[in-house]
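Trainee: coordinates for the following, if possible.
(4 chains)
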2 protein chains.
Amino acid sequence: MATQDSTTLILDAAEALFARQGFAATTIKAIGREAGLNSALLYYYFPDKERLYHAVLERRLGTANRELSQRLTAGLPPLEALEQLLQGYARLMHDAPNLPRLLAREFADHQAAHALPLIRELAAGLFQRICDVIRAGQAAGHIRKDLDPRFTAISLVSQMAWFFVAQPAVSRMLGYEGIVPPATVKAYIEHAARFSMAALTGLPAPPAKSTRKRVRT
Amino acid sequence: MATQDSTTLILDAAEALFARQGFAATTIKAIGREAGLNSALLYYYFPDKERLYHAVLERRLGTANRELSQRLTAGLPPLEALEQLLQGYARLMHDAPNLPRLLAREFADHQAAHALPLIRELAAGLFQRICDVIRAGQAAGHIRKDLDPRFTAISLVSQMAWFFVAQPAVSRMLGYEGIVPPATVKAYIEHAARFSMAALTGLPAPPAKSTRKRVRT
DNA sequence: GTCTATAGCGGGATAGAC
DNA sequence: GTCTATCCCGCTATAGAC
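Mentor: Now for the predicted structure:
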């Protein structure tokens, strides 16, 4: 609790509130209160609310992106690289619980003036690299070739992303009152890894059964 | 465009705006404009903004829940039931493009006064039923027994949920400018089904390789 | 760098005419 | 049922003292 520089204090407070309530519902005064500073001071450090928000996203996404991309460029064999990715994603979300919420809001905001471009750029870069790893795995014969690399990347990321974004609901479904306990998070991540590895390496689903029949009742 | 009753007009407009911008950023006046009605009229049909929002969610979630649960109680064999679920989820999101965004916001809003309880209840009921189907599949020997049913349910739903919630980003990643074209959506859904079926039925990932090594660089 | 005070605007909600 | 006019509050942002 030793005195921190005000910029950090403000960014921290803003991040917490933006994540919890979103941009519009968060007031400058509330941020000031949360940071223990006078709200007028925010305008000394940041030109306006919009750009404060942007600064929050940049700080959080910048570190996130750096961490994640490290895990993919480590030069591991494809399957291990993907498992590391899941682990890395989980650790990221766990270390920065605000991140999933911030992301969810940005995604939901259609073409918000906000920082979507930034996110898109980061995500796209990451996405490219995941696809490349998958393709490498297919070329090396470790991953089923009938999987579309881009779709597969989405399948992998989804399992992590949704789990953390939907925390409040997920928590309830798993039978907890408040937060999902760390041990359960860990167990889920291991599940997701096993689930995904089976899908990546497993045999195609038995084409028996008449699976394609009616879709409408 | 034939004249509709004002309630529907208002609900439609409100749903669109709430989904696009969220609760706080959406003004009563904007809803009136979007609906082509005087904004004061909203207070004739709804007591306040909060309860208008609630009405929007109830309308959308009510039908959604009904449709989805039908697909699970159809008494199909487990694996087919799960595939139907994925299909149903996709159709739902496709038919009501506002739904994923509304959901994402509700999940992100920590303990918003809004309608989380409603969502939690619906989701929990559905979740229970998915788990039951998975357990049935395991008992019948169609699904690997080393998978935790609850985690597996999350893995399945995630792949659909995130794809639709993150549409704007997903679209960019797949190389499209605006919306993901229907054909691609269909292809992804088929992918997700295949991916998931392989994971559900496939062999455990080859325990060869030394997969558990370093987690930190 | 941090605070007080306040301008100025826009939003939610109401009163009441038609 | 639908519209006009308006109240009142709270928010962003600024001016300026310390």
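
Trainee: the residue lying closest to A:Ile134 once chain neighbours are set aside and B:Phe195, how far apart?
Mentor: What sits nearest to A:Ile134 in space, not counting adjacent residues and going by Cβ to Cβ, 6 or more residues apart in numbering or on different chains, is A:Pro149, at 4.2 Å. Heads up, the C-betas are built off the backbone N, CA and C, glycines and all. Note on A:Pro149: its distance to B:Phe195, by Cβ to Cβ, to the nearest Å, is 12 Å.

Trainee: so between those two, which is more surrounded?
Mentor: B:Phe195 (29 against 18; other Cβ atoms under 10 Å in any protein chain shown).

Trainee: isn't that one up against A:Thr152?
Mentor: Yes. Here B:Phe195 reaches A:Thr152: they are 6.8 Å apart, a contact under Cβ atoms under 8 Å.

Trainee: circling back to that earlier point, OK, contacts around the residue nearest to A:Ile134?
Mentor: A:Pro149 is in contact with A:Cys131, A:Ile134, A:Arg135, A:Gln138, counting by Cβ atoms under 8 Å, 6 or more residues apart in numbering or on different chains.

Trainee: reformat these as a markdown table; add distance to B:Leu11, pLDDT and neighbour count.
Mentor: Shown next, in a markdown table, are the contacts of A:Pro149 (distance: Cβ to Cβ, whole Å; pLDDT from 0 to 100; neighbours: other Cβ atoms under 10 Å in any protein chain shown):
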| residue | distance to B:Leu11 | pLDDT | neighbour count |
| --- | --- | --- | --- |
| A:Cys131 | 41 | 95 | 18 |
| A:Ile134 | 43 | 96 | 25 |
| A:Arg135 | 46 | 97 | 16 |
| A:Gln138 | 48 | 96 | 18 |
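
Trainee: which of those sits closest to A:Leu76?
Mentor: Proximity of the contacts of A:Pro149 to A:Leu76 (Cβ to Cβ) peaks at A:Ile134, which lies at 13.4 Å.

Trainee: just the C-alpha atoms of the host helix or strand of the closest one, please, in CSV.
Mentor: Assessed by DSSP states H and E, A:Ile134 sits inside helix A:116-139. Output of helix A:116-139 as CSV, limited to C-alpha atoms (Å, rounded to 0.1, in the frame of the first residue of the first chain):
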residue,chain,number,x,y,z
LEU,A,116,-11.4,-2.5,-31.1
PRO,A,117,-8.8,-1.9,-33.7
LEU,A,118,-6.1,-2.4,-31.2
ILE,A,119,-7.6,-5.6,-30.0
ARG,A,120,-8.2,-6.9,-33.5
GLU,A,121,-4.6,-6.3,-34.4
LEU,A,122,-3.3,-8.1,-31.4
ALA,A,123,-5.8,-11.0,-31.7
ALA,A,124,-5.2,-11.3,-35.4
GLY,A,125,-1.4,-11.6,-34.9
LEU,A,126,-1.8,-14.2,-32.3
PHE,A,127,-4.4,-16.0,-34.3
GLN,A,128,-2.1,-16.2,-37.3
ARG,A,129,0.6,-17.7,-35.2
ILE,A,130,-1.7,-20.3,-33.7
CYS,A,131,-2.8,-21.3,-37.2
ASP,A,132,0.8,-21.7,-38.2
VAL,A,133,1.5,-24.0,-35.3
ILE,A,134,-1.5,-26.1,-36.2
ARG,A,135,-0.4,-26.3,-39.9
ALA,A,136,3.0,-27.3,-38.8
GLY,A,137,1.5,-30.0,-36.6
GLN,A,138,-0.5,-31.3,-39.6
ALA,A,139,2.5,-31.3,-41.8
